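> Fold the following and give me the result.
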Amino acid sequence: MADAQRAIRLVRAHASEWNLNPQQIGFMGFSAAGHLAASLATGYDKNLYTPREDEQGISARPDFVMLVYPVVTMQDAGVHAGSRDALLGKTPTPEQKYARSPEEHVDTSTPETFIVHADDDPSVSPANAVAFYSALQQAGVKAELHVFRDGGHGFGIAGADPLPAAGWPDLLAGWLDRIGALPDGHSLLEKTL
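Presented below is the predicted three-dimensional model:
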């Protein structure tokens with residue numbers, strides 16, 4: 001989590017040098033890294049490390065987040081047991097489960113989020129994606145959720161073909177266009193269609 005915070009600060013600090021908009025820095029996570037992305041979206045302001053001098057005053061809040069078949073909850077319902085065991089051990093307390101369940105910490109400052117999952121995911125229940133989306137809705141945070149009937153887990157880009165889940169990169173491109181996260185004059189939609 002400290003590395004994720006630092007990554008956002010690092011990219012934002014070098015945005016002009018790298019020809020990026022410092023107000024359009026996103027974070028994307030797949031599967032277990034989806035938990036990291038959701039945790040960053042809800043815990044970007046936690047003091048987890050001492051920022052270097054050149055990072056002082058730079059926000060670690062991503063402007064938008066993309067979650068692909070994400071592990072989210074550490075609560076019993078919908079949990080990916082292997083992820084929870086790795087993160088919290090075999091016998092986590094209710095307080096630990098709550099603290100490490102990003103859907104429990106969504107508020108109005110949580111970044112806009114794009115989520116994609118498959119209904120037939122045998123590893124990570126789509127309840128994770130739905131729970132985070134529901135929390136975003138309750139907080140009034142704009143979000144987009146796509147749950148494909150077929151896709152399994154780990155479909156990525158090439159692994160989804162020929163299933164409908166293969167269309168998720170185009171959906172993401174359209175979303176990035178709509179939220180203004182692409183450089184002026186560029187449209188991923190035009191490149192993908």
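
> can we go C-alpha only for contacts and neighbour counts from here?
Fine.

> Where do the helices of the chain begin and end?
Per DSSP state H, the chain carries helices over the ranges 2-13, 32-43, 81-88, 94-99, 127-139, 168-178, 188-192.

> From the chain's centroid, how far away is the second one?
I take that to be helix 32-43. Distance of helix 32-43 from its chain centroid, counting by Cα atoms, centre = their mean, to the nearest Å, is 6 Å.

> now it and helix 127-139, what's the angle there?
For helix 32-43 against helix 127-139, the angle by axes from the mean of the first three to the mean of the last three Cα atoms, to 10 degrees is 20 degrees.

> Dump the helices of the chain into JSON lines; add mean pLDDT as well.
JSON lines is the format used below for those (pLDDT from 0 to 100):
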{"stretch": "helix 2-13", "mean pLDDT": "96"}
{"stretch": "helix 32-43", "mean pLDDT": "97"}
{"stretch": "helix 81-88", "mean pLDDT": "90"}
{"stretch": "helix 94-99", "mean pLDDT": "94"}
{"stretch": "helix 127-139", "mean pLDDT": "97"}
{"stretch": "helix 168-178", "mean pLDDT": "95"}
{"stretch": "helix 188-192", "mean pLDDT": "48"}
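
> Out of those, which one sits most buried?
helix 32-43 (a mean of 24; mean count of other Cα atoms under 10 Å).

> Output it as CSV, restricted to C-alpha atoms.
Output of helix 32-43 as CSV, limited to C-alpha atoms (Å, rounded to 0.1, in the frame of the first residue of the first chain):
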residue,chain,number,x,y,z
ALA,A,32,-5.4,-9.5,-5.7
ALA,A,33,-4.0,-6.3,-7.1
GLY,A,34,-7.6,-5.2,-7.4
HIS,A,35,-7.7,-5.3,-3.6
LEU,A,36,-4.6,-3.0,-3.6
ALA,A,37,-6.3,-0.6,-6.0
ALA,A,38,-9.6,-0.6,-4.0
SER,A,39,-7.6,-0.1,-0.7
LEU,A,40,-5.7,2.8,-2.3
ALA,A,41,-9.0,4.3,-3.4
THR,A,42,-10.3,4.3,0.1
GLY,A,43,-7.0,4.6,2.1
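
> got the angle between it and helix 2-13?
70 degrees.

> Residue 2 versus the residue of the chain positioned farthest from its centre, what's the distance?
Largest separation from the mean C-alpha position in the chain: residue 53, at 27.6 Å (Cα atoms, centre = their mean). Residue 53 sits at a distance of 16 Å from residue 2 (criterion: Cα to Cα, to the nearest Å).
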